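**Student:** take a look and give me a structure for this.
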Amino acid sequence: MHRGHMAPMPWRGLKRDTPALRDGARGHAREPQGVWSRRYAFAALVLGQTGVATYWLTDTLPQHHTPAIETVIVALFALLFAWVSAGFWTGVAGFWTLLRGRDPFSISRSISKDAAGNAPIDPNARTAIIMPICNEDVGAVFANIRATWESVERAGAREH
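**Tutor:** Next up, the predicted model:
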């Protein structure tokens, strides 16, 4: 193990010729056509499902002349149901994308299969192995760090 100072590399930000900033106004990223239609469809599905479920809940609540409590119950139900509904529709969209096998808005669509996982590491790249310790066995933590370090050595990336 080598312990020492790592000089930070200056961050230069996004280049102007990247697709995210091309034709952007004042440096704001310009999104591809169709992204907003996906967002609107997602919002419509979540809000529609939440609206139907909330209607069914209000239809089943007994009327005990306590509208304030029922209003709180319905509001909390709608909020929490929307949260669950968003997770459900995100999962459905991910499953649909996996079935189709492609996504035109994927972040990695411009990266080839070989470049994504098998490209050599840039010689200037540096990685720090950091492990915070709080109420743990220090010996076990350092054993885990050593195992990580040995794995990096076996992968042939020790110089990084």
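
**Student:** other SSEs contacting the one helix or strand Arg38 maps to?
**Tutor:** Using DSSP states H and E, Arg38 sits within helix 35-60. Under the contact criterion of 3 or more CB pairs under 8 Å, 6 or more residues apart in numbering; DSSP states H and E, helix 35-60 touches helix 67-100. Every residue, glycine included, has its C-beta placed from N, CA and C.

**Student:** in the helix it packs on, what's buried?
**Tutor:** Buried residues in helix 67-100, counted by 16 or more other CB atoms under 10 Å: Glu70, Val74, Phe77, Ala78, Phe81, Ala82, Ser85, Ala86, Trp89.

**Student:** related to what we said a few turns ago, next, the buried residues of the helix holding Arg38.
**Tutor:** Leu45, Val46, Gln49, Thr50, Ala53, Thr54.

**Student:** what residues are up against the first one?
**Tutor:** The one in question is Leu45. Shown in contact with Leu45 (CB atoms under 8 Å, 6 or more residues apart in numbering): Ser85, Trp89.

**Student:** let's see 6 Å
**Tutor:** By CB atoms under 6 Å, 6 or more residues apart in numbering, Leu45 lies in contact with Trp89.

**Student:** next one: the third one
**Tutor:** The contact partners of Gln49, taken as CB under 6 Å, 6+ apart, are Ser85.

**Student:** go on, the fourth one?
**Tutor:** Counting by CB under 6 Å, 6+ apart, Thr50 touches Ala78, Phe81, Ala82, Ser85.

**Student:** let me see the mean pLDDT of stretch 94-112.
**Tutor:** Mean pLDDT, stretch 94-112: 74.

**Student:** Throw the contacts of Thr50 into a markdown table and include distance to Gln63, thanks.
**Tutor:** Shown next, in a markdown table, are the contacts of Thr50 (distance: CB to CB, whole Å):
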| residue | distance to Gln63 |
| --- | --- |
| Ala78 | 19 |
| Phe81 | 21 |
| Ala82 | 25 |
| Ser85 | 26 |
